[in-house]
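Enquirer: predicted model and sequence below, questions to follow.
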Amino acid sequence: MKKLLLIIVLLPFLLATQCDKEDNGIACTEEAKAGLNITIKDAETNVYLSDGVSVIATDGSYTETLVSFDVAEPIFSGAYEREGNYTITVSKSGYVTYTSEIITVTSDVCHVIPQQRTILLQPE
């Protein structure tokens, strides 16, 4: 009988604790997420381009040069944990400069929601 009474007394506290964990205890990672992930390819050969490529993200007065760390399959990343409405400008010697439509980066309760795009540069 004492066990049943103990369960009845403690049950509301246990349920309240569980509700708090579900409502506020979302487990977010501590890594920074890139809002923009842009792959650049030659429009005629479909070959990845990275050497000499400039990828600039602009959101109003904010400007950021996106960076690639992988030579084999380069992805230019940036706008880490930054929401915004970005225009991407890509330039490379021997190619026509490309300017994108607006790419909107939003977020959930933890991080930005990454936007991936592949841009095909036209040779001059």
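Expert: Looks like it came in fine.

Enquirer: how much space separates Leu49 from Thr65?
Expert: Using C-beta to C-beta, to the nearest Å, one obtains 16 Å as the distance from Leu49 to Thr65. The C-beta positions use only the backbone N, C-alpha and C, and glycine is treated the same way.

Enquirer: between these two, who's got more neighbours?
Expert: Taking Leu49 and Thr65 together and counting by other C-beta atoms under 10 Å, Leu49 has the greater number of neighbours (21 against 10).

Enquirer: so what's Trp87 closest to, chain neighbours aside?
Expert: Residue 87: Thr, not Trp. Distances taken as C-beta to C-beta, 6 or more residues apart in numbering place Thr58 nearest to Thr87, at 5.0 Å, with adjacent residues excluded.

Enquirer: ok, then the element right after the one helix or strand that neighbour maps to?
Expert: Element membership of Thr58 [criterion: DSSP states H and E] is strand 54-59. Following the chain from strand 54-59 toward its C-terminal end, the next helix or strand by DSSP H and E is strand 62-65.

Enquirer: that following strand: partners in the sheet, and parallel or antiparallel?
Expert: Strand 62-65 sits in its sheet next to strand 54-59 (antiparallel), going by DSSP bridges.

Enquirer: buried sites along the strand it pairs with?
Expert: Within strand 54-59, the residues that count as buried by 16 or more other C-beta atoms under 10 Å are Val55, Ile56, Ala57, Thr58, Asp59.

Enquirer: sweet, I'm off.
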